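J.: Provided below are the primary sequence and the corresponding predicted coordinates.
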Amino acid sequence: MSYNQVPDRFEILAFNGDQQADAVLRWEGDNYDFTVLADGPWGQASGRAEDCFEALTRIREQIEPQGWFLGVNGSRRDTWPSGMCREAGGFLVYRLRLGHYATGADRIQTFQPAPRETLATVAEQVAFEEQWSQSL
């Protein structure tokens, strides 16, 4: 998936406890310099990094202390990008299953919608990725 195949704006849902709100994610950049912007009830938050997944993570670290979770695949507990996904801009992540290697069938788009019950904090996501790695 190349950059020009990925929309640069996503209308998403954000969650805070039982509350649900509309939010917008936008990205820009290329060549290991990406910025992601998130507009929602928290105002505007931005993250800049070498790939969009990492830039999204930086936004999540800003809004999670206020209780907000972004309802996208990149915020799921069970997703993480491979090195190759990161080199391609971080627009894809793998759905991880304990004890199973991730395959092409497990790749999903970082900014596509994810159900509330799959979302996690950055720390929980990092911990799951480590648990998955050790389970192989």
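T.: That came through fine.
J.: In terms of secondary structure, what does the longest strand along the chain contact?
T.: Taking residue count as the measure and DSSP state E as the definition, the longest strand of the chain comes out as strand 19-30. Taking 3 or more CB pairs under 8 Å, 6 or more residues apart in numbering; DSSP states H and E as the contact definition, the neighbouring helices and strands of strand 19-30 are strand 9-16, strand 33-40, helix 52-63. C-beta here means a position set from N, CA and C on the backbone, and glycine is covered the same way.
J.: starting at the chain centroid, how far to the second one?
T.: Spelled out, that is strand 33-40. Relative to the centre of its chain, strand 33-40 is centred 11 Å away, using CA atoms, centre = their mean, to the nearest Å.
J.: Which strands border whichever helix or strand comes after that strand, and is each parallel or antiparallel?
T.: Using DSSP states H and E, the next helix or strand after strand 33-40 towards the C-terminus is strand 43-49. Next to strand 43-49 in the sheet, as set by DSSP bridges, lie strand 33-40 (antiparallel).
J.: Give me the mean pLDDT for the partner strand.
T.: The pLDDT scores in strand 33-40 average 98.
J.: pretty sure L13 is touching D22, no?
T.: Yes - assessed by CB atoms under 8 Å, L13 is found in contact with D22 at 6.7 Å.
J.: Can you pull out the low-pLDDT segments for the protein?
T.: Counting by pLDDT under 70, the chain contains low-confidence ranges at 1-2.
J.: for it, what's the longest helix?
T.: Once the chain is assigned using DSSP state H, the helix that runs over the most residues is helix 122-135.
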